[in-house]
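Student: Sequence and predicted model, in that order:
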Amino acid sequence: MSDGAIDLAADARARAYALPIEDVNPTEIDLWLTDSHWPYFERLRKEDPVHYHPEHHHEEGAFWSVTRYNDIMAVDTNHEAFSSEPAITIFNPEEDFTLQMFIAMDPPKHDIQRKTVSPIVSPQNLHLLEPVIRGRIQKTLDALPIGEPFDWVDRVSIELTTQMLATLFDFPWEERRLLTYWSDIATAAPESKLFKTDDPDTERKMVLFQCVDYFTRLWNERVNSEPKGDLISMLAHGEATRNMDRMEYLGNLILLIVGGNDTTRNTMTGSVLAMFKNPDQLAKLKADPSLIPSMVSETIRWQTPLAYMRRTATKDVELGGKTIKKGDKVLMWYVSGNRDEEIIDNPNAYIIDRPRPRNHLSFGFGIHRCVGNRLAELQLRILWEEILVRFPEIRVVEEPHRVRSFFVKGYESMQVIIPSRL
């Protein structure tokens, strides 16, 4: 860590502890843009791990922050008391634009729809995908410039995850960057630079309607042909999904696009940043490449690509000595649980050979555990197997630009230089 970074961290810590506890508000965007939310969560874990935020903390109204590992697990594994409906983020759906998706459903409908798409990430299918993924990663890495700066996010992370999505959907290859655009628009904060008009909500709807129109054309082609192994064909022919209306189809598309895009892409970038900031861990990995799977899990914990998930209380329920009332919003801060000192030793450190490295919350738990978690791990493992045989180092040349969001914890861009090739 540079002196400048140490000063920023110390400053954030001083500010986090100077506030009255009731004023601590982890949804402030500036904390995420500057990567200075950590001490705010540390304080909540220590002093008020199930913390009530009044209405003025967020335009969407009052909510609870759950910040300790075990409390998050208690919420995530109790879908009877903590519902995923109507939404998994702090934002309530608009009445005229409600996107149904199985991540924001409760059983039995959730279970049936999830089962329809889960074969695409079965062990057998991942085995078939592995050589395809490896070939693409090799080609992408071989095309990178040596000795001149470039944006790792655009050239590697977005490119690889978008290629993967295009394969899973059997989406027209030359138009695959549309998937990135739709994913970004779906999760962008209203103040994001992605929006070109003064009315981001209307613009978002318009773009997502273009998305569903495009995918409806693909659906119509596939529903009239033999069932195949891609996601659209699975949905079009699946008993539980073939009669979905337009908004439910769009909801599940957005879930699959964002789930397959944001998380893996931001962990790919995070892995390069973590290795650059921790050269001792890179040396450890080079000396023993069999640590790659463990390093991948540690990166997913360290990065935590989705900062939180929301639930809504279905009844009055006790948690951490507090009474959460029926109808209250509850934010499970995975990003905080993954740094819980009581569960994870030295949690702020990046240690690629930790015991039990998969002991993290980034994929969620219970019925909503990330359906594509093994695919994400596979992509990251192959990426690092191929990096290690090509590049002695990847140098991050400036602080990355982070996504303007407290939900997607990721990177807009990150300038790097690869000094030489092996």
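Tutor: Nice, I can see it.
Student: residue contacts, the residue lying closest to Lys409 once chain neighbours are set aside?
Tutor: Spatial nearest neighbour of Lys409, chain neighbours left out: Ala307 (4.5 Å); criterion: C-beta to C-beta, 6 or more residues apart in numbering. Any C-beta I mention is one placed from the backbone N, CA and C, and that applies to glycine too. Contact analysis of Ala307 by C-beta atoms under 8 Å, 6 or more residues apart in numbering lists Trp32, Trp333, Tyr334, Val335, Phe406, Phe407, Val408, Lys409.
Student: nearest to Tyr52, of the residues you listed?
Tutor: Using C-beta to C-beta, Trp333 comes nearest to Tyr52 of the contacts of Ala307, at 14.0 Å.
Student: Give me the contact list for stretch 337-349.
Tutor: 38, 41-42, 45, 67-70, 72-73, 301-302, 304, 354, 359-362.
Student: related to what we said a few turns ago, I'd like the contacts of Ala307 as JSON lines, with pLDDT, secondary structure and neighbour count appended.
Tutor: Formatted as JSON lines, the contacts of Ala307 follow (pLDDT from 0 to 100; DSSP: H, G, I helix; E, B strand; the rest coil; neighbours: other C-beta atoms under 10 Å):
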{"residue": "Trp32", "pLDDT": "94", "secondary structure": "helix", "neighbour count": "23"}
{"residue": "Trp333", "pLDDT": "98", "secondary structure": "coil", "neighbour count": "27"}
{"residue": "Tyr334", "pLDDT": "96", "secondary structure": "helix", "neighbour count": "27"}
{"residue": "Val335", "pLDDT": "98", "secondary structure": "helix", "neighbour count": "24"}
{"residue": "Phe406", "pLDDT": "92", "secondary structure": "coil", "neighbour count": "24"}
{"residue": "Phe407", "pLDDT": "89", "secondary structure": "coil", "neighbour count": "21"}
{"residue": "Val408", "pLDDT": "89", "secondary structure": "strand", "neighbour count": "26"}
{"residue": "Lys409", "pLDDT": "93", "secondary structure": "coil", "neighbour count": "25"}
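Student: Distance to Tyr214 added to those, as TSV?
Tutor: Listed next are the contacts of Ala307 as TSV, based on distance: C-beta to C-beta, whole Å:
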residue	distance to Tyr214
Trp32	31
Trp333	35
Tyr334	32
Val335	33
Phe406	30
Phe407	25
Val408	23
Lys409	28
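Student: Of those residues, which is the nearest to Phe391?
Tutor: Of the contacts of Ala307, the one sitting nearest to Phe391 (C-beta to C-beta) turns out to be Lys409, at 25.5 Å.
Student: For stretch 55-68, give the mean pLDDT please.
Tutor: What stretch 55-68 shows for mean pLDDT is 91.
Student: for that stretch, which positions count as buried?
Tutor: Neighbour-count burial for stretch 55-68 flags His57, His58, Phe63, Trp64, Ser65, Val66, Thr67, Arg68 (criterion: 16 or more other C-beta atoms under 10 Å).
Student: Kindly report the same for stretch 232-250.
Tutor: 232-238, 240-241, 244, 247-250.
Student: pLDDT of that stretch, averaged?
Tutor: For stretch 232-250, the mean per-residue pLDDT is 84.
Student: Stretch 203-213 too?
Tutor: Stretch 203-213 shows an average pLDDT of 91 in the prediction.
Student: Give me the residues contacting it.
Tutor: 97, 99, 178, 181-182, 185-186, 188, 195-197, 246, 249-250, 253-254.
Student: which among the residues you listed end up buried?
Tutor: Buried members of those, scored by 16+ other C-beta under 10 Å, are Leu99, Leu178, Trp182, Ile185, Ala186, Ala188, Phe195, Tyr249, Leu250, Leu253, Ile254.
Student: now, among the residues you listed, which is nearest to Ile21?
Tutor: Ala188 (31.1 Å).
Student: pretty sure the closest one is touching Asp201, no?
Tutor: No - proximity of Ala188 to Asp201 does not meet the contact threshold set by C-beta atoms under 8 Å, at 11.0 Å.
Student: closest to Lys329 among the contacts of stretch 203-213?
Tutor: Once C-beta to C-beta is applied, the member of the contacts of stretch 203-213 that ends up nearest Lys329 is Leu99, at 17.8 Å.
Student: Distance of Asn373 relative to Leu126?
Tutor: Per C-beta to C-beta, to the nearest Å, Asn373 is found 11 Å from Leu126.
Student: try Val408
Tutor: 25 Å.
Student: ok, now Ala12?
Tutor: 40 Å.
Student: which of the residues in the helix or strand Met206 falls within are buried?
Tutor: Assigned by DSSP states H and E, Met206 belongs to helix 200-223. Residues of helix 200-223 classed as buried by neighbour count (16+ other C-beta under 10 Å): Pro200, Glu203, Arg204, Val207, Leu208, Cys211, Val212, Tyr214, Phe215, Leu218, Trp219, Arg222.
Student: Show me the contacts of stretch 203-213 that map onto helices.
Tutor: Leu178, Tyr181, Trp182, Ile185, Ala186, Arg246, Tyr249, Leu250, Leu253, Ile254 (DSSP state H).
Student: which pair in those residues spans the largest distance?
Tutor: Among the ones in helices among the contacts of stretch 203-213, Tyr181 and Arg246 lie farthest apart (C-beta to C-beta), at 19.8 Å.
Student: residue ranges with poor pLDDT in the stretch 51-200 of the chain?
Tutor: Where the stretch 51-200 of the chain drops to pLDDT under 70, the residues are 93-114, 116-117, 119-120.
Student: ranges for the helices of it?
Tutor: Along the stretch 51-200 of the chain, the segments classed as helices by DSSP state H, counting those that start in this stretch run 69-76, 109-117, 123-142, 152, 159-169, 177-187, 200-223.
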